[in-house]
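**Q** Please find the sequence and the predicted model below.
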Amino acid sequence: KKMNVFMYGCASPTLEERILPRLLWDKGLNFFQYSSCSFNIGKNKEGTARVALWKELDVLYSYTIEASFAGANFGRRQGQ
């Protein structure tokens, strides 16, 4: 089960789609976890808006941001 706040993105050969999530993590946001981000498109994600935008309209920077109901496992929000 994933915890914290993380993002899903669409993979590209240039890895440009990883810049925004990496910046959020680099800036020290104490609720965002880059290591939980995923840029793969599984069969269960093909019907999502971000994948449709990426495939149909070539929108590279299309993300889904998610926050876990399980809370955080690091930073000042740990255990809340």
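**A** Sure thing, it's come through. Numbering: from 1, shown residues only.

**Q** Can you show me the strands along the chain?
**A** For the chain, the strands defined by DSSP state E cover 5-8, 64-67.

**Q** Just say which of the ones you listed is most tucked in.
**A** strand 5-8 (a mean of 21; mean count of other CB atoms under 10 Å). (Each C-beta comes from the backbone N, C-alpha and C, glycine too.)

**Q** Can I get that strand as PDB, trimmed to CA atoms?
**A** The C-alpha coordinates for strand 5-8 follow below in PDB (Å, rounded to 0.1, in the frame of the first residue of the first chain):
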ATOM      1  CA  VAL A   5       1.400  12.100  -1.700                       C
ATOM      2  CA  PHE A   6       2.700  10.800  -5.100                       C
ATOM      3  CA  MET A   7       2.000  11.200  -8.800                       C
ATOM      4  CA  TYR A   8       1.300   9.000 -11.800                       C
END
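
**Q** Does that strand pack against any helices or strands, and if so which?
**A** helix 19-26, strand 64-67 (3 or more CB pairs under 8 Å, 6 or more residues apart in numbering; DSSP states H and E).

**Q** go again using 7 Å as the cut-off
**A** strand 64-67 (3 or more CB pairs under 7 Å, 6 or more residues apart in numbering; DSSP states H and E).

**Q** elements contacting the strand it packs on?
**A** Against strand 64-67 (3+ CB pairs under 7 Å, 6+ apart) you get strand 5-8.

**Q** pLDDT averaged over the strand it packs on - what is it?
**A** Mean pLDDT, strand 5-8: 91.
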